[in-house]
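> pasting a predicted model and its sequence here:
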Amino acid sequence: MAKGREKHQARLDAISFQGKDLARRAKRKCEFCEGSGDLRAFDGDEDAEPSLETLVLACERCRAVLGGRKDDERTLRFLETAIWNEEPVIARLAKQMLGSVDADWARGALEMVS
């Protein structure tokens, strides 16, 4: 059990190590909605070593949506822009979030990038 905890702590340390570079890339805003409240790193690929290619800086709401929480579709329109982000991890996670939105505009946006 201690090995698992050590492994988890090592992963958290590796994510934390990327913090300054991640905040700089994100300009200290959520990389999805550009909000500035309660920003934290979100691990976009838990199978890979944490790096700028796998991490995003996200606000509490966007982290919750990434975690599966349903949100009002009208408040998620920012995803139409986020799916075009030049950072592959941001675009991929935005598409994932958009896939959970049950609205015509969301389906249309996903069709445009497919």
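Looks like it came in fine. Treat the numbers as computed from the prediction; the structure is a model and nothing was measured.

> when you work out contacts or count neighbours from here on, use the C-alpha atoms and nothing else.
OK.

> wait, what's in contact with D13?
Taking C-alpha atoms under 8 Å, 6 or more residues apart in numbering, we find D13 in contact with no residue.

> per-residue pLDDT of it, please?
pLDDT recorded at D13 is 91.

> shouldn't it be within a helix?
Yes - assigned with DSSP: H, G, I helix; E, B strand; the rest coil, D13 falls within a helix.

> which residues does the residue nearest the centre of the chain form beta bridges with?
Centroid check for the chain by C-alpha atoms, centre = their mean gives V56 as the closest residue, at 4.9 Å. Beta-bridge partners recorded for V56 (DSSP bridges): F42.

> is it true that it touches L22?
Yes - counting by C-alpha atoms under 8 Å, V56 touches L22, with 7.1 Å between them.

> anything in contact with each of those two?
Taking C-alpha under 8 Å, 6+ apart as the contact rule, V56 and L22 both touch A41.

> re earlier: ok, now which ones touch the residue nearest to the centre of the chain?
Neighbours of V56 in contact, by C-alpha under 8 Å, 6+ apart: L22, E31, A41, F42, D43, G44, V89, I90.

> nearest to R74, of the residues you listed?
Among these, E31 lies closest to R74 (C-alpha to C-alpha), at 18.4 Å.

> mind pulling the model confidence for that closest one?
97.

> tell me how far D104 lies from K7.
Separation of D104 from K7 (C-alpha to C-alpha, to the nearest Å): 43 Å.

> now G37
29 Å.

> what of E80?
Distance of E80 to K7, computed by C-alpha to C-alpha: 36 Å.

> again, but for L55
Going from L55 to K7 by C-alpha to C-alpha gives 18 Å.

> these two: which is more packed in?
Per other C-alpha atoms under 10 Å, whichever of L55 and K7 has more neighbours is L55, with 22 against 11.

> residues touching the nearest residue to the more buried one once chain neighbours are set aside, list them.
In space, and not counting its chain neighbours, L55 is closest to D43: 4.9 Å by C-alpha to C-alpha, 6 or more residues apart in numbering. Taking C-alpha under 8 Å, 6+ apart, we find D43 in contact with I15, P50, T54, L55, V56.
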